[in-house]
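[1] Any chance you could fold what I've pasted below:
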Amino acid sequence: MAEVKVNNGSELDTPPDSIHKLCPSSPDSSKVEKVFVLDEKVVWRKVDRRLLPILAVMYLFSFMDRANIGNARLQGLEKELNMTGNQYNLALVSDTHI
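    Here you go, the predicted structure:
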């Protein structure tokens, strides 16, 4: 079974993300434990590098969508789709499409 140790970046004497083979825990020399030494800062930097661009693009599309639906209402969206009452407001807050 692999053991995972997380270090906050202060006392690493070897490069982070490296796999170390330790002495066998039993007399049987075929069993070797693997220990993963992870630097927490490195892991979070990798997570940030993967997630932040995707989240930024999603935020941009969300902003554009909200701006466009407002402009569409001004251009006659409700009249073209025969919306009555609060159907426009329901369309803004619901996940279903009208």
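
[2] how many other residues sit next to M83?
    Residues within reach of M83, counting by other CB atoms under 10 Å, total 16. Where you see a C-beta, it was placed from the backbone N, CA and C, and this is true even at glycine.

[3] Kindly apply the preceding question to V47 instead.
    Using other CB under 10 Å, the number of residues around V47 comes to 10.

[4] Check whether L38 sits in a helix, strand or coil.
    Under DSSP: H, G, I helix; E, B strand; the rest coil, L38 falls in the strand class.

[5] Tell me the pLDDT of it.
    Looking at L38, its pLDDT is 78.

[6] next one: L74
    90.

[7] what's the answer for L92, then?
    For L92, the model assigns a pLDDT of 82.

[8] In which helix or strand does it reside?
    Assigned by DSSP states H and E, L92 belongs to helix 87-93.

[9] residues of that helix that come out buried?
    For helix 87-93, the neighbour count (16 or more other CB atoms under 10 Å) marks 88, 91 as buried.

[10] packing partners for that helix?
    With contacts taken as 3 or more CB pairs under 8 Å, 6 or more residues apart in numbering; DSSP states H and E, helix 87-93 sits against helix 77-80.
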